[in-house]
Every structure is written in C-alpha cells, then in structure tokens.
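[1] My questions are about this predicted structure, shown below with the sequence.
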Number of protein chains: 2
Amino acid sequence: MEIGCKSVQDRSYRIFLEWDLLRHARSLLEANEIRGAVFVVSDKNVFRLHGKTLRAALRDHTVHVWLAQPGESSKSLNSWRRIHAFLLNNGADRKSTVIAFGGGVIGDLAGFAASTYMRGLDFLNIPTTLLSQSDSSIGAKVAVNHPAAKNLIGSFYQPRFILTDPSLLSTLPKRELAAGVGEVLKYGVIADPLLFEMLYEKVEDLMSHDRVFLEEVILRCVRTKIRVVEEDERETGLRKTLNFGHTIGHALEQATGFKMLRHGEAVAWGMLAAGWLACHRGMWETSEFSKLQSILFRAGSLHPLARATPAGVQRALKHDKKRTGKTLHFVLPVSTGKVIIVGDIPESEILGALQFIFNLASSNSRH
Amino acid sequence: MEIGCKSVQDRSYRIFLEWDLLRHARSLLEANEIRGAVFVVSDKNVFRLHGKTLRAALRDHTVHVWLAQPGESSKSLNSWRRIHAFLLNNGADRKSTVIAFGGGVIGDLAGFAASTYMRGLDFLNIPTTLLSQSDSSIGAKVAVNHPAAKNLIGSFYQPRFILTDPSLLSTLPKRELAAGVGEVLKYGVIADPLLFEMLYEKVEDLMSHDRVFLEEVILRCVRTKIRVVEEDERETGLRKTLNFGHTIGHALEQATGFKMLRHGEAVAWGMLAAGWLACHRGMWETSEFSKLQSILFRAGSLHPLARATPAGVQRALKHDKKRTGKTLHFVLPVSTGKVIIVGDIPESEILGALQFIFNLASSNSRH
C-alpha cells in the first residue's frame, strides 16, 4: 500500500506500508532512484535482529553502517556529531542516502544528521517500532535532545519516503510494543473513535502481533497523522492536538531523567491525567475514560512510576513554563475522537490529576 | 526599495534595500509583525560601530546580544552551540526572532543556529558587508565549518526578510570592501555584462563609497542572485554558476587554512584562474579577461598569496575531489555575462592557471 503525504513544494513524500516489505525493498529503492552509497543509522538491537534482511535489500549499493546504543540517551548532539564524522570518513556526498533503521530515537537522530550534512542528504526512514511506524516517522520533525530540554535542537526535514513493514514488530520486546499503544491510542482519542473502540475490544490481539489487526491499527494512525501534518506541518494549530497526553507525559519524562519511562509509557500516563482533567471538568464521559484506562492497563502500557512524585512532575511543568514563557496547554477530549486545547488550568486541578495517576500507579504496583 | 524572493511554499522572503534603512527599521519590524524578544548575533567590530543604531531600531523589543570574535573561525560548531546556550539561558521561545547583524560569517552562523533551535526560530538578516549585502544574505544557505571542510554542516533556511542598508558599508575597512568586489564582479562575469563594464569604468567610485554607485551595484547583484536562487534554490543546476571563481578560490582558502585570505579575495584569485583557463581554451576574449584583471587590481582585491604554493592548492583540489567523489567542475565564461560548466580539465592545464595567478601575485608583491 502506498500513501502520499503532501509537504512544501517538491518535498512531499510517500509511505509504503506492507507486511514483509523489507524483504522486497530492493525494487522499491530502484524505483525511487536511490542510486548512490547508503549510510545506515541503526541501533545495536535492531541491527542484530534485522540487519541481514536490510543488507540483502541493499545488495545493489555500497553500504556503511553506524550503530547507536539503544535508548533515548543516543538522541544527543554527541551522536549527531559522530554520525557526521561517520559520513565524512566514508566519503558521503550529495548523492548519498541516509537510512534510519530503528525506532523514534534513530529516526530523529538520523534525520537530523541527514538534514544538516552538506545542507541535506536524501533520507529514508524504515521505522521498526509500533510508535515510530504509527506516529513519529511521519511529519518531518527531526531533532536531538539538549541537556536542558527534549528535542530542543532540530529541524523540519522530509524523508524521500518511509518504508513501514509491520512484520518487523514481531521481534519487538513486549514493553516496547505496550509503550507504542500509548501513541496509537492517542489517535483514537483525538480523531478516530472507531480505532478507540477496536482497541478497547481487542488490544490483546495487537499485543500478540495479530497481523491483520496490527496492519489496520498502523494504517489508521498513519492516515490521521498525515491528515494533521498535511494541514499544519509546522504546528501552528491543528498539529498541537497531537500533544494529547504529552503535557504531563513530557513532565514525567523530565522528572525521571528520560530513563525510567519509555516515551509511549509517559504519554500513556499523561493521557490518563488529561482524561481525568476532562472528566473532572465534565467535558468527557466517564465511561469513555474508563475504557482508556482499561486499554492501557490490559496492554501493559502503565509502567510503574517508582521514583517519581507528583511534586517532582509539578516542578518539571513549572520549569517548562518558565523556560518557554508560555501558558501550559492541555489537549482535552470533549468526546472520543474530538479534542480541544485548554490553557490556564489551576495548579490544584493539575495536582488532582497527578494524584490520580500516582494513586493508580501505586495500586497497580501492589497487584 | 522592496524586492521579493520566491522560495518554497510560505517561505518566500523580501529584501528591503535602502540607504540609511537601519535608522528607520523600527517601522519595518512593526509592519512585519516582529513582536517577541529579539536575539542579536553580531561580531564585536560591527556592534561597536553600529550597535547603537540597531538598538534604537529595536527599542520596542526585549533585546539580547551575543557577540562573536570577527573572522571565519567563529563560523564553528562551537559558536553554534554557544548561541543555543545564549538562546536557552535568555528564554528564547517560538515567538522569538534571531537577527544576524554582520557579514557572511555572522549570517551563516546565526541563520544555522536559528534554523535548528526549537526546529526553527524566525530569522532576520541585516548584512553589513559588501559581500553579504550583494550575495551571501540571499539564497537561504546557512552553515558552519567543520575542521575537515567548509560549510559542511548546515541547512537551507529562509529569513523572514533581509534589511540591506548600504550606508553601513561606510565604516567597512578598505580590505573588506575590496574583498567584496570579488563576489560583486562575479555577477558581472556570469550574468551581467553591464555591471562588468560599470566596474571596469569606475570601480574606484565603489571603493570610495559613492552612494549612487554602491546602491546600483548591490541592486544589480541582488537581482541576479534572486533570479538564480528562485530558479534553483537547492543548487541542482543554474545555481552552480554562482561558483565561478570558487573551485580554485575554495582550494586557496583550504591551502591557507582559511586565515590568510578573505573569502572574496580567494574568489578574486579563483576568477583570475578560471578566466585564464577560459582564455587558454579559446572560449573567452582576452581583452575581457584583461578587464577582469584590471578591476581586481585597481580595487585591491588581489591580496598577496604569501605562504601558499601552486602545489599546495593542487593538493587541496585533489583532497576535495577525493572527499566528495566528484569530478572537479569549473565555471568558465564563454562571453562576459554567460558561463558554462566544464569538468575533466587536465591537471596540467589547472597547473598552468595556478602558475599564472602565483606569478601575478609575486609580481604584484614586488611593486
């Protein structure tokens, strides 16, 4: 299946989405005129599992490989510079292509390196996690983290195309898959009530890698994401709705030093906090909020919040507010599939939401 | 005077060109909805001379200033990171504007920092040298140098607008102005025979800051540059003609560690080498080539090549070829105002061109 994503003039790109696509990627590269040397950026786990399949698909090309340590800490200026050195030392030129082969961290890192080397090399993204296949590979945002803030240094850079092969998810650790459910479910709440309902009915099928269901879920997310970023690539309006669960989620990540929680797990907790706020304000039906909890609980997306505290998260929120000079905004559902953006929520209400998730986390961990 | 430069969708920008414009810039900022805090990146010399005028123009804004050491060595990843720290520590957010206030080095550095902070802050360019006003501020190329290669790390990033005030050139050291003549004359050779003729007749007027002549020269260069980058922003074709004088010029800079020569001076020598090649091949009239020499000589653009040697420049050319895997291309005039791109010039011919400029340099320095 081939889906187009419009971007600024001559920077539109396509997403090729198909089970086992990587095995048949050779002709895709040929058809898209990827001809020069290719520079693969991947992580050690992904490449150990799928490197051979990728190499086979790239057998017509000169291939250089750079492997990062798995994890968010690789999304750094230091890795970015090392990728530039890797490109330089192996003679990358304007005809070369950078391929990201991994999850969101690898896509962001490789994309930012590609966007800034010789003012931009061709970039392909082959996402290998549920989160990156359904969400982060689309939308042209690339970045690395700065010690002071996540994604602080980055740019908008469109890939030549995205190759999405859901069969790659079969080797994904259960925790990684469960974290991806966070972002997937987000699309249900903000725009796709049917997806929400499907996940409520059978999130277990997704967790057991049911091929048909996985493909359908990813496709639905991809379609929503494309619709949003086509309308608002640079996040001046509609794209902000993609931040559902991210206000608290981001603060949770910050409060825990980006190490304890996967991004999708932080978003899962953040969605619960936002859902609580929406219900507390009488905006969203409590029965729908219960379904949200049920899905995340059954998927195992609610990783313990062991060392974090509500006060720590509040500090991170305040820090963020101070740093950006902005009011904190929350994306809140008014019905499943429809959200609005709300500013100026009193601190006491936010604390209520935080206490709700921390209570839930501690009761979860007792079970 | 206001000139538009089309770019990719919604990233077009305008150039405001007027004598004494900086003094009247307040309303320009207002009219262009520059409202948030502004972050000025400048160099110590420029800001000492014109900082007060800029501050007066920015009196409606919160202003933060970061000053670089003058010179090419400031165009580094290190400066880029320090600008990010400056932005972060002073609370820059997505509503902030970065203003480059200086020559080509400052424009490239500030533009690249702006393009990569929070995925892109608004960017204004106020060029203060002949080279940056007539050439480098236009065309959306921003970059920093890497120890291994000039402009290796960078991107394409369009400013909101460019404010070009030729009155700022009155404080420009004579050497800087003469270096700018290199790039200005380039536009004559590649596209504008009338400009070439005007410079041949009265380059001395430019060197003595004749207001009418300076304005006309800058305007003619700006118009050509816009025409070229509108057709080919990403340098896949026509934009390559802007590299007239740059093949050898670049190698000269590299062979002398980017310290001995100003960029425009290296280009001046590079144009002589390219002109020699074109005449040697019977492509260009010798009388026109003599005019080229005369203009550069009278402007004082031909800075001594003291420590460099033809062999050193040849090594730099080979290094470049090896690094990029590409054939060396020369932009050569077939008539004044019209150039073609030629590859595969034999080494012996290139050596002939180098010997020509080195002989000229040593006879210059004996006078």
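    Noted; the coordinates are in hand.
[2] Residue A:345 in helix, strand or coil?
    Following DSSP: H, G, I helix; E, B strand; the rest coil, we place residue A:345 in the coil state.
[3] From residue A:228, how far off is it?
    23 Å (C-beta to C-beta, to the nearest Å). No exception for glycine: its C-beta is placed from N, CA and C like everyone else's.
[4] So for those two, which residue has more residues nearby?
    Per other C-beta atoms under 10 Å in any protein chain shown, whichever of residue A:345 and residue A:228 has more neighbours is residue A:228, with 22 against 19.
[5] The more buried one contacts residue A:239, doesn't it?
    Yes. Residue A:228 is in contact with residue A:239 according to C-beta atoms under 8 Å; the separation is 5.6 Å.
[6] shared neighbours of these two, anything?
    The contact sets of residue A:228 and residue A:239 overlap at residue A:139 (C-beta atoms under 8 Å, 6 or more residues apart in numbering or on different chains).
[7] Return the residues of the stretch 151-300 of chain A in contact with chain B.
    The stretch 151-300 of chain A comes close to chain B at residues A:151, A:152, A:153, A:154, A:155, A:156, A:234, as judged by C-beta under 8 Å from any C-beta of the partner chain.
[8] out of those residues, which are buried?
    Buried subset of those (neighbour count, 16 or more other C-beta atoms under 10 Å in any protein chain shown): A:151, A:152, A:153, A:154, A:155, A:156.
[9] pLDDT value on the spatially most central residue of chain A, please?
    Nearest to the mean C-alpha position of chain A, by C-alpha atoms, centre = their mean, lies residue A:136 at 3.7 Å. With respect to pLDDT, residue A:136 has a value of 95.
[10] if I look at it, how far off is residue A:105?
    Residue A:136 is 9 Å from residue A:105, where distance means C-beta to C-beta.
[11] Ok, residue A:251 next?
    According to C-beta to C-beta, residue A:251 stands 20 Å off from residue A:105.
[12] And residue A:334, by the same measure?
    Noted for residue A:334: a distance of 33 Å to residue A:105, by C-beta to C-beta.
[13] Who has more neighbours out of those two?
    Between residue A:334 and residue A:105, counted using other C-beta under 10 Å, the more crowded position is residue A:105 (26 against 14).
[14] The more buried one - that's part of a helix, no?
    Yes. Residue state for residue A:105 (three-state DSSP) corresponds to a helix.
[15] Chain neighbours aside, what residue packs nearest to it?
    Once flanking residues are discounted, residue A:105 sits nearest to residue A:75: 4.7 Å by C-beta to C-beta, 6 or more residues apart in numbering or on different chains.
[16] Verify the contact between the one you found and residue A:111 for me.
    No. The pair residue A:75 / residue A:111 is not scored as a contact, 10.8 Å apart, by C-beta under 8 Å.
[17] more neighbours, these two?
    residue A:111 (29 against 24).
[18] isn't that one right next to residue A:100, touching?
    Yes. Between residue A:111 and residue A:100 there is a contact under C-beta under 8 Å: 6.1 Å.
[19] ok so, going back, and the residue nearest to the centre of chain A, what does it touch?
    For residue A:136, the contact set (C-beta under 8 Å, 6+ apart) comprises A:103, A:104, A:107, A:108, A:127, A:183.
[20] Likewise for residue A:244?
    Going by C-beta under 8 Å, 6+ apart, residue A:244 touches A:186, A:189, A:190, A:271, A:274, A:331, A:332, A:333, A:339.
[21] List the backbone torsions phi and psi for it.
    Recorded main-chain torsions at residue A:244 are phi -50, psi 130, according to degrees, to the nearest 10.
[22] Adjacent strands (with direction) for the worst-scoring helix or strand of chain A on mean pLDDT?
    The weakest-scoring helix or strand in chain A, judged by mean pLDDT, DSSP states H and E, is strand A:2-5 (a mean of 78). According to DSSP bridges, strand A:2-5 forms sheet pairs with strand A:13-17 (antiparallel).
[23] which element follows the strand it pairs with toward the C-terminus?
    Heading C-terminal from strand A:13-17, the first helix or strand you meet, by DSSP states H and E, is helix A:25-31.
[24] mean confidence for the helix or strand just after that next one?
    On the C-terminal side of helix A:25-31, the closest following helix or strand by DSSP H and E is strand A:38-43. In this model, strand A:38-43 has a mean pLDDT of 98.
[25] which parts of the helix or strand following strand A:38-43 are buried?
    Scanning forward in sequence from strand A:38-43 by DSSP H and E, the next helix or strand is helix A:44-57. Of all the residues in helix A:44-57, those buried under the rule 16+ other C-beta under 10 Å are A:45, A:46, A:47, A:50, A:51, A:53, A:54, A:57.
[26] Check stretch A:219-230 too.
    So, applying 16+ other C-beta under 10 Å, buried residues of stretch A:219-230: A:219, A:220, A:221, A:222, A:223, A:224, A:225, A:226, A:228, A:229.
[27] now swap in stretch A:12-25 and tell me
    Neighbour-count burial for stretch A:12-25, counted by 16+ other C-beta under 10 Å, picks out A:13, A:14, A:15, A:16, A:17, A:18, A:19, A:21, A:22, A:25.
[28] can you check stretch A:300-318 too?
    Judged by neighbour count (16+ other C-beta under 10 Å), stretch A:300-318 contains these buried residues: A:300, A:301, A:302, A:303, A:305, A:308, A:310, A:312, A:313, A:314, A:316, A:317.
[29] Tell me how far that stretch lies from the chain's centre.
    When C-alpha coordinates are averaged (C-alpha atoms, centre = their mean, to the nearest Å), stretch A:300-318 and its chain have centres 20 Å apart.
[30] Now render the buried residues of stretch A:219-230 as JSON lines, adding pLDDT.
    Shown next, in JSON lines, are those (pLDDT from 0 to 100):
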{"residue": "A:219", "pLDDT": "96"}
{"residue": "A:220", "pLDDT": "96"}
{"residue": "A:221", "pLDDT": "97"}
{"residue": "A:222", "pLDDT": "95"}
{"residue": "A:223", "pLDDT": "95"}
{"residue": "A:224", "pLDDT": "95"}
{"residue": "A:225", "pLDDT": "94"}
{"residue": "A:226", "pLDDT": "93"}
{"residue": "A:228", "pLDDT": "92"}
{"residue": "A:229", "pLDDT": "91"}
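[31] and of these, the nearest to residue B:364?
    residue A:229 (57.7 Å; C-beta to C-beta).
[32] Secondary structure element for the closest one, which one?
    If you go by DSSP H and E, residue A:229 is part of helix A:211-231.
[33] Following element in sequence after that helix, please.
    Using DSSP H and E, the helix or strand that follows helix A:211-231 in sequence is helix A:246-255.
[34] what angle sits between the helix or strand following that next one and helix A:246-255?
    Sequence-wise, the next helix or strand downstream of helix A:246-255 (DSSP H and E) is helix A:263-280. Helix A:263-280 and helix A:246-255 are oriented at 130 degrees to each other (axes from the mean of the first three to the mean of the last three C-alpha atoms, to 10 degrees).
[35] Show me what helix A:263-280 is packed against.
    For helix A:263-280, the helices and strands in contact under the criterion 3 or more C-beta pairs under 8 Å, 6 or more residues apart in numbering or on different chains; DSSP states H and E are helix A:130-131, helix A:174-191, helix A:246-255, helix A:286-299, strand A:329-335, helix A:347-366.
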